[in-house]
Structure formats: structure tokens, C-alpha cells
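**Q** Sequence and predicted structure are below.
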Amino acid sequence: MLNMNHVTVTYNDRPTLIDFDLHMKQGEIVSLVGESGSGKTTAIRALFGLLPHEGYVSDGDILFEGESLLSKSEDEMARLRGSRISMIFQDSGAMINPIRRIGAQFVEYIRKHEKISKKEAYRKGVAMLEAMRLPDGDNIMRSYGFQLSGGMRQRVGIAMAMTFRPDLLLADEPTSALDVTTQAQIVRQMMDLNKKTGTSIIIVTHNLGVAAYMSDRILVMQNGRIVEQGDREQILKHPQQEYTQKLLAAIPTMEGEAYV
């Protein structure tokens, strides 16, 4: 389904993601873990075609269902984004226009990818919000972003990202700004969506607990490179690299037991 073949991303003549290799099957969940600045977000932004203007893919290729994303025009990528490939940002609240109601933005988003009336798009938006367990979707649609809690805004972001049941969902630290209870709810909802729709997920996270709970495979990154990768059991129970061992050693323990 997805093949990122030896991808290098360069900013101002300096490589920041180096020889990144990822191959995914449909329905798989892969976590990218590592410290800040290790290249995790750069990897998924390269895939989504949303690198900052000074960043570009200087080597390798990104194939989505056999077609190179790097050879597609901006119009072609715009049609893919939000429909077949979607992204949840670290703070969805920051992506919501503060002076427009949620409903106006949601309707515009839906009609960009589907030829339906405003009324039909509005109903679809309400249904998606309620599918994310947001009570009274109509009230949410009539609200502004600042009137919602952080967890509610994040659910709005996930609802929008999942509207068209994308083949691939990119999640950039989707739980980092939330309290522990809300984090658990968001993770469960993402996994439910994966099971119900078959959507593949790449999740960027600092939280090894989240990675351990969600992932089929884990990629450990440091200084722009993948230093270790494997299935969940292999990485958590039998890490080979010293850096991975240090990450695991940093997990808080209770009475000598680490809860990952």
C-alpha cells in the first residue's frame, strides 16, 4: 500500500531525514518514536506533501498504491489529501479558524472532496462528530473552536480526517496536549476506526505506552535515521540498539514494573 524508499529530506542543503525506508500493508499501524528532532514529523510531512517551503525530498521515492507521490502535481495531491490520505495534527485546535464556526469549516472541507449540497454536507459533518462520541453534533457544528475543550477539538480534527474513510491516516502526536483520560479515549477511537474501516495508521509519538498499545510495528528514530525497527514484542522486550534501550529505561516504573 505504501512504500517510502530510501527517502532523504533536505532543508537549506542540510539533510534532516536520511535514507528513511518504510513499507506498509493495508490496515497496519506503525509508530515512529524517538526524541524531538529525530525526523519523525518530517517523515510524515514529506509523505503528505506538506514540508515547509525550504524543505524538499532530495533522494528516494514515495509510492502510494504503486504511484509516485513525488511526481504528482499540487492539484493531484490536493485531491488525495483529506480523501485517501488524511492527517491529524498535534493540536487540531490550532488548525481550526478561530473566527469561523466548526460547521462552516467542516461543510467547506466535505464539499471540496464531494459534490453534495451544503445541507447534505452539514448532516454528514454532524454524523461524523457523533461517531467520534461528541454529544450533540449540531451544537458542535454551531460552535467556535475556542468554545471547545482540547479533547473536543482533537475529536473534531479526527472526525474531519476520517470523513472519507482514508486508506492512510497520519497522526502527528495526536494525544500529547491532552490529559491521560482523554488520551486513552482518543487512542481507543483511532483503533476502532482502524478495525472498522481498515485504515492504515502512521502515528508519531513520544509516548512508548501509546506505541506499545496501538502498533503492529515500531520504528525508532534518532538524528534523522531509523536506528531500529521491528514488531511490538521485538522492540519492547528484545531491543538491540543502545538508544532503544535508553528510551525504554526512561519509562516511569511502579514497584519495579514498567507499564508498556
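**A** Good, I have the coordinates.
**Q** can you tell me which residues contact residue 244?
**A** With contact set as C-beta atoms under 8 Å, 6 or more residues apart in numbering, residue 244 has these partners: 220, 227-228, 235. All C-beta atoms are positioned from the backbone trio N, CA, C, and that covers glycine.
**Q** Mean confidence (pLDDT) on whichever strand or helix holds it, please.
**A** Per DSSP states H and E, residue 244 falls inside helix 242-249. The average pLDDT within helix 242-249 is 90.
**Q** got the CA coordinates for that helix in PDB?
**A** What follows is helix 242-249, C-alpha atoms only, in PDB (Å, rounded to 0.1, in the frame of the first residue of the first chain):
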ATOM      1  CA  GLU A 242      21.500   1.100  23.000                       C
ATOM      2  CA  TYR A 243      19.400   4.100  22.100                       C
ATOM      3  CA  THR A 244      16.200   2.000  22.100                       C
ATOM      4  CA  GLN A 245      17.200   0.500  25.500                       C
ATOM      5  CA  LYS A 246      17.700   4.100  26.900                       C
ATOM      6  CA  LEU A 247      14.200   5.100  25.600                       C
ATOM      7  CA  LEU A 248      12.700   2.100  27.400                       C
ATOM      8  CA  ALA A 249      14.700   2.700  30.500                       C
END
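**Q** and stretch 33-48, what's its mean pLDDT?
**A** Mean predicted confidence for stretch 33-48 is 93.
**Q** Could you tell me how far it lies from the centre of the chain?
**A** 11 Å (C-alpha atoms, centre = their mean, to the nearest Å).
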